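J.: Sequence first, then the predicted structure:
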Amino acid sequence: MPTGHHPTTTTDEATTRARAALLAGIPVSERRIRAAGIDTVVLEGGEGPPMVLLHGPGEAGVNWRWVIPDLVTTHRVVAPDLPAHGSTGIGDGDLDEGRVTDWLDEVIAATCTSPPIVVGHVLGGAIAARYAVRHGDRLAHLVLVDSLGLAPFRPSRPFATAFLRFVVRPTEPSYERFMAQCAFDLDRLRADMDDDWTSFVTYNLALARAPKAKAGGRLFRRLGTPRIPDADLARIAVPTCLIWGRHDRALRLPVAEHAAQRHGWRLHVIDDSADDPARDQPAAFLRALRTAIAGSGPSSDHGGTP
């Protein structure tokens with residue numbers, strides 16, 4: 001990743017300030033734990049049944065900032081930074097499926113007093129699904145949000161082009177072009193975030209430029225992009241639901257529709273949303289999530305308001 005014009009100390013200070021600004025006002029505390037030999041940063045807040053939130057590729061736990069304030073009113077929320085993401089390290093050894101599912105198992109053991117609801121977004125969804133295949137008895141509910149792993153990764157051509165250009169050269173213009181593919185309405189998102197938009201861009205650029213971003217990319221390719229065999233997905237015994245943005249350009253809606261039909265999972269489709277409904281439509285996402293965890297069964301909801 002290009003870092004020649006970004007001195008380390010300045011970048012570190014700017015990243016710390018940007019992360020602090022994004023966390024300001026969110027009712028969570030931050031602590032470090034050791035899981036599968038990986039130094040892991042976890043955001044925690046609220047009381048009630050435990051809920052673990054796993055973010056998408058190139059992001060961090062703070063990316064759940066749009067929905068955490070509501071969720072902590074009813075749940076004990078745990079939002080770790082994934083291995084090689086955010087403020088979490090890499091540790092020694094390969095980030096293969098066994099190690100990463102062990103990592104999640106140890107995070108859950110260290111933060112949850114009972115089997116949690118696990119909500120996984122994109123890469124976090126693929127990790128959560130792989131964990132549920134192995135340890136479904138340790139979960140109360142699985143919610144996959146625009147998740148990788150359910151089909152081959154075949155994004156639209158504009159999404160793929162913007163994604164690759166950002167990965168190769170993570171600059172502010174390439175990030176904004178990429179975000180225009182990720183967000184349903186980038187102008188509205190920027191306006192809604194107001195002063196936080198600058199911190200959001202600064203932080204996500206810093207993550208993309210960090211040396212460990214290469215390890216994060218390998219994690220994406222190893223656990224995210226390969227399709228999880230249907231025979232494995234069929235072994236998931238825990239109640240499972242899907243939440244999907246109707247206008248997702250990377251993991252398009254037919255992926256979710258096929259998985260829901262094949263496995264009998266309930267599907268909630270969020271209108272006016274791309275690949276991150278928790279960010280694009282937080283109120284509709286929260287309604288869908290609460291409906292999802294209140295019950296399960298083979299049905300679909302193709303509206304923004306379950």
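T.: Perfect, I can see it now.

J.: so where do the strands sit in the chain?
T.: Taking DSSP state E as the test, the strands found in the chain are 29-35, 38-45, 50-54, 76-80, 117-121, 141-145, 240-245, 266-270, 300-301.

J.: Lowest average pLDDT across those strands?
T.: Between the strands of the chain, the lowest average pLDDT goes to strand 300-301, which shows a mean of 58.

J.: residues touching the residue nearest the centre of the chain, list them.
T.: In the chain, the residue lying closest to the centroid (Cα atoms, centre = their mean) is H55, at 2.0 Å. If a contact means Cβ atoms under 8 Å, 6 or more residues apart in numbering, then H55 has G61, N63, W64, A79, D81, L82, H85, G86, H121, L123, G124 as its contacts. Every residue, glycine included, has its C-beta placed from N, CA and C.

J.: about what we covered before: could you dump the strands of the chain to JSON lines with distance to D94 and mean neighbour count?
T.: Shown next, in JSON lines, are these (distance: least, Cβ to Cβ, whole Å; neighbours: other Cβ atoms under 10 Å):
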{"stretch": "strand 29-35", "distance to D94": "16", "mean neighbour count": "14"}
{"stretch": "strand 38-45", "distance to D94": "12", "mean neighbour count": "21"}
{"stretch": "strand 50-54", "distance to D94": "20", "mean neighbour count": "25"}
{"stretch": "strand 76-80", "distance to D94": "19", "mean neighbour count": "27"}
{"stretch": "strand 117-121", "distance to D94": "21", "mean neighbour count": "28"}
{"stretch": "strand 141-145", "distance to D94": "25", "mean neighbour count": "28"}
{"stretch": "strand 240-245", "distance to D94": "28", "mean neighbour count": "27"}
{"stretch": "strand 266-270", "distance to D94": "34", "mean neighbour count": "26"}
{"stretch": "strand 300-301", "distance to D94": "38", "mean neighbour count": "16"}
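
J.: L164: how many residues sit nearby?
T.: L164 has 12 neighbours, counted by other Cβ atoms under 10 Å.

J.: Surely K212 touches S87?
T.: No - using Cβ atoms under 8 Å, K212 is not in contact with S87, being 10.3 Å away.

J.: more neighbours, these two?
T.: Of the pair K212 and S87, S87 is the one with more neighbours under other Cβ under 10 Å, namely 19 against 16.

J.: least trustworthy helix or strand in the chain by mean pLDDT?
T.: Within the chain, judged by mean pLDDT, DSSP states H and E, the helix or strand with the poorest mean is strand 300-301; its value is a mean of 58.

J.: how close does R287 sit to L253?
T.: Look at R287 and L253: by Cβ to Cβ, to the nearest Å, they are 19 Å apart.

J.: all helices of the chain, in order?
T.: 8-23, 68-71, 97-111, 123-135, 157-168, 172-182, 186-193, 196-209, 213-219, 230-233, 253-263, 277-280, 282-294 (DSSP state H).

J.: Just give me how far the longest one sits from the chain centre.
T.: The chain centroid and the centroid of helix 8-23 are separated by 21 Å, computed with Cα atoms, centre = their mean, to the nearest Å.

J.: buried residues in it?
T.: Across helix 8-23, burial judged by 16 or more other Cβ atoms under 10 Å covers T11, A14, T15, A18, R19, A21, L22, L23.

J.: Touching, the fifth one and N204? I think so.
T.: No - applying Cβ under 8 Å as the test, R19 and N204 come out as separate, 10.4 Å apart.

J.: Return every residue with contacts to both of the two.
T.: By Cβ under 8 Å, 6+ apart, R19 and N204 have no common neighbours.

J.: Which residues are in contact with G245?
T.: By Cβ under 8 Å, 6+ apart, G245 lies in contact with D146, F184, V269, I270, S273, A274, D275, D276, P277, D280, Q281.
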